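Asks: Got a predicted structure here, sequence first:
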Amino acid sequence: MSLKSFFLITAAAALFSGCAMMPAGSAATAQPEVAAAAERLRVAMIDPTAAALGALVADDLSYGHSGGKVDTKTSFISDLMDGKSDFVTIAITDQSIKVVDAGTAIVRHTLTADTNDAGKPGKVALKILGVWQKQGGNWKLLARQAVRLNP
């Protein structure tokens, strides 16, 4: 076998194995599943239950707030359940979802909300980046980072 043939066969095998990692139609199928999980999280943040939140976030969650605080799964759920972080309304706009592979998706959107954190009314306007991972057949939020919108 010539060196040229070897490289062509190797390249074809690499291309085929890359395609095999994500079956045709997977991105199209996964995108609405990720959107549905993101919507369930939005609803659960307004009316939180530990069970709903626990089912939507990964055990290894890294949740970065616009003020610099970084939550884990435990602290994120605890703050919502205790009212330290209290969303009265949440509106999501300009959402984009990119399915990277069969088990990872990037979600970006703008979040505007009315809050009542620790009994103190407020408003937030944020750009959000979320990384979702398919775990045990369900999409879970693995990482999130928020930045404040410029006024």
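Replies: Looks like it arrived, so ask away.
Asks: Lowest mean pLDDT among the helices and strands of the protein, which one is it?
Replies: The helix or strand of the chain with the poorest confidence is helix 3-21; it has a mean of 40 (mean pLDDT, DSSP states H and E).
Asks: Please pull up the helix or strand immediately following that one.
Replies: helix 26-46 (DSSP states H and E).
Asks: Report all helices and strands that whichever helix or strand comes after that following helix contacts.
Replies: Next in sequence after helix 26-46, counting helices and strands by DSSP H and E, comes helix 50-56. Packing partners of helix 50-56 (3 or more C-beta pairs under 8 Å, 6 or more residues apart in numbering; DSSP states H and E): helix 26-46, helix 73-82, strand 138-148. Quick note: C-beta positions are derived from backbone N, CA and C, even for glycine.
Asks: If we use 6 Å, what do you get?
Replies: Where contact means 3 or more C-beta pairs under 6 Å, 6 or more residues apart in numbering; DSSP states H and E, helix 50-56 is packed against helix 26-46, helix 73-82.
Asks: what about that helix, average pLDDT?
Replies: Across helix 50-56, pLDDT averages out at 98.
Asks: which stretch in the helices and strands packed on helix 50-56 is the model least sure about?
Replies: Among the helices and strands packed on helix 50-56, helix 26-46 scores lowest, with a mean of 94.
Asks: circling back: as a markdown table, the helices and strands packed on helix 50-56 with distance to residue 133 and mean neighbour count would be great.
Replies: What follows is the helices and strands packed on helix 50-56, written out as a markdown table (distance: least, C-beta to C-beta, whole Å; neighbours: other C-beta atoms under 10 Å):
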| stretch | distance to residue 133 | mean neighbour count |
| --- | --- | --- |
| helix 26-46 | 10 | 16 |
| helix 73-82 | 13 | 17 |
